[in-house]
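*Asks:* sequence unavailable; structure follows:
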């Protein structure tokens with residue numbers, strides 16, 4: 001076997017611990033959790049993943065360099081075994097518990113669970129997520145294991161990158177070339193994300209893709225090549241006090257920039273994918289380099305505070321647990337206020353993470369798989385018959401839960417309740433014969449422009465407004481309204497009363513309403529339908545605010561208040577809290593019909 005591939009049992013080289021990195025991990029996981037639980041507070045909190053990527057790329061590359069320079073080789077077998085010991089115990093526990101809970105809950109939470117489990121266990125979640133084509137519905141009906149996409153990107157890096165590093169080091173490639181190559185790879189990945197992202201389109205492909213979202217990992221690797229002895233206990237060199245102060249100042253500015261990115265970037269902005277995430281990556285590099293000076297500064301002391309270090313060392317578990325707990329609570333009680341939901345998820349996440357860290361992860365890390373099992377068995381036997389009986393009951397419960405989980409996966413519905421409602425409405429919409437919007441009915445002089453809520457309600461709209469033109473499409477927003485209205489006008493299908501129900505998928509400015517009014521002209525009347533969505537879909541409330549402000553500016557505009565009407569009947573919505581079931585669909589049509597009639 002080649003030296004670079006040996007899995008020798010030689011002592012591991014000593015490396016320097018950097019508590020500030022744990023603090024940075026804490027910031028990253030807090031950003032991600034806030035983004036998921038309270039997105040209106042930190043709409044750009046997804047950058048926490050990019051912070052993790054930079055830290056991972058830096059640490060993994062640094063540790064490989066320390067080992068190579070200390071021993072002349074990299075024991076890849078031992079490296080991958082350490083990764084397995086670190087990652088698998090918590091992951092397997094989360095998969096088991098969350099899948100069992102989902103099976104007991106039933107319903108929409110089980111949709112796609114077999115694919116998700118396959119992706120999680122094989123670390124291919126990101127690519128399976130790209131090919132599943134469920135991006136739109138994943139926003140409104142979150143999937144249990146979606147967050148495994150980032151773990152998949154990292155694990156793919158853990159498999160491929162050490163092999164490449166071994167080759168480069170054995171070839172004795174100069175440090176400047178190593179830095180340049182890693183930097184070029186990071187730039188290429190970021191450029192790929194920017195180039196492949198189509199403005200205004202859904203970003204799953206570029207966000208989940210290993211090729212387009214590995215720039216954080218490679219930027220961290222480039223920094224490790226640039227500071228090759230940063231974690232080497234035997235060779236670490238501290239910089240001078242002046243240089244340290246300068247680097248710490250840069251780090252503080254970069255940390256402030258990261259916080260700003262967390263507040264200003266959003267998943268719905270093209271800027272996020274065309275440089276925003278790359279900027280967050282660069283800022284993270286700026287923070288990490290400041291922690292590597294060997295001097296304590298304001299930044300390193302702040303990030304080494306005990307609470308941050310405690311969170312940072314458990315950041316992996318916090319990331320693993322919080323999302324499935326949120327999804328389970330979402331489906332169990334979709335009308336729960338967002339703050340109450342966030343508090344419950346946060347508390348349970350902390351408890352589950354600490355239990356996993358203390359009783360599952362650390363034993364495997366310290367003793368290995370077999371050692372941890374032997375220790376548990378010896379501890380149980382030493383406690384006598386009662387402990388043995390408890391262990392037998394526990395094993396039986398685990399086996400029974402595994403059966404429940406398996407049954408849930410096998411019996412999972414193919415699509416969500418919301419998708420069923422939309423597909424049913426789409427069939428009605430597609431079946432309308434040419435000229436169906438020309439007749440003698442209450443809707444003969446009405447055009448309805450809508451989104452997926454309108455699609456789902458097509459049959460009810462036909463009953464209340466027979467003869468109306470209905471043009472609706474999934475994912476459409478108010479930003480599309482003027483273009484759609486112009487297209488319909490060109491076909492002679494833009495009637496005297498135009499109903500626009502596009503307040504669900506994005507916020508908009510008053511300029512969008514003015515653009516629409518310009519297309520409609522002075523002789524048409526506009527009915528704007530308010531949107532309804534759970535609190536976490538925060539842009540809907542902003543869209544409603546802009547809609548109501550527009551009404552006061554022009555007498556041609558009337559409001560159809562779907563938001564108020566459905567608020568009293570939340571049980572008439574699908575599990576996503578957005579799309580109406582048949583009773584809700586009829587209410588939607590009734591609200592619009594009353595606004596059209598002016599009653």
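*Replies:* Received the coordinates, thanks. All values reported here derive from a predicted model rather than from experimental measurement.

*Asks:* name the nearest residue to residue 279, ignoring sequence neighbours.
*Replies:* Spatial nearest neighbour of residue 279, excluding adjacent residues (Cβ to Cβ, 6 or more residues apart in numbering): residue 261 at 6.6 Å. (C-beta placed from N, C-alpha, C; glycine too.)

*Asks:* pretty sure that neighbour contacts residue 281?
*Replies:* No - in this structure residue 261 lies outside contact range of residue 281 using Cβ atoms under 8 Å: 10.0 Å.

*Asks:* between those two, which is the more surrounded one?
*Replies:* residue 281 (28 against 25; other Cβ atoms under 10 Å).

*Asks:* okay, that one: pLDDT?
*Replies:* Model confidence at residue 281, given as pLDDT, is 98.

*Asks:* then residue 549?
*Replies:* Per-residue confidence (pLDDT) for residue 549: 87.

*Asks:* mind checking the SS state of it?
*Replies:* helix (DSSP: H, G, I helix; E, B strand; the rest coil).

*Asks:* so after the longest helix anywhere in the chain, what's the next helix or strand?
*Replies:* Longest helix in the chain, counting residues (DSSP state H): helix 76-105. Using DSSP states H and E, the helix or strand that follows helix 76-105 in sequence is helix 113-122.

*Asks:* got the buried residues for the helix or strand just after that following helix?
*Replies:* Once helix 113-122 ends, the next helix or strand along the chain (criterion: DSSP H and E) is helix 125-132. By neighbour count with 16 or more other Cβ atoms under 10 Å, helix 125-132 contains the buried residues 125-130, 132.

*Asks:* next: stretch 286-293.
*Replies:* For stretch 286-293, a neighbour-count test (16+ other Cβ under 10 Å) marks 286-293 as buried.

*Asks:* repeat that for stretch 482-500.
*Replies:* 482, 484-485, 488-489, 494-495, 497-500.

*Asks:* end-to-end on it?
*Replies:* 10 Å (Cα to Cα, to the nearest Å).

*Asks:* for it, what is the distance to the chain centroid?
*Replies:* Taking Cα atoms, centre = their mean, to the nearest Å, one finds stretch 482-500 lying 36 Å from the centre of the chain it belongs to.

*Asks:* check stretch 121-132 too.
*Replies:* Taking mean C-alpha positions (Cα atoms, centre = their mean), stretch 121-132 and its chain are 14 Å apart.

*Asks:* where does the residue nearest to the spatial centre of the chain fall, phi/psi-wise?
*Replies:* For the chain, residue 147 is the residue whose C-alpha lies nearest the centre (Cα atoms, centre = their mean; 5.8 Å). Backbone torsions for residue 147, taken as degrees, to the nearest 10, come to phi -70, psi -10.

*Asks:* and the helix or strand hosting residue 453, what's buried?
*Replies:* Assigned by DSSP H and E, residue 453 belongs to helix 452-456. Buried residues in helix 452-456, counted by 16+ other Cβ under 10 Å: 452-456.

*Asks:* tell me which strands and helices it is in contact with?
*Replies:* helix 417-431, strand 469-472, helix 582-597 (3 or more Cβ pairs under 8 Å, 6 or more residues apart in numbering; DSSP states H and E).

*Asks:* tell me the first helix or strand C-terminal of it.
*Replies:* Counting by DSSP H and E, the next helix or strand C-terminal to helix 452-456 is helix 458-464.

*Asks:* which residues touch residue 578?
*Replies:* For residue 578, the contacting residues are 140, 418, 453, 504, 532-534, 537, by Cβ atoms under 8 Å, 6 or more residues apart in numbering.
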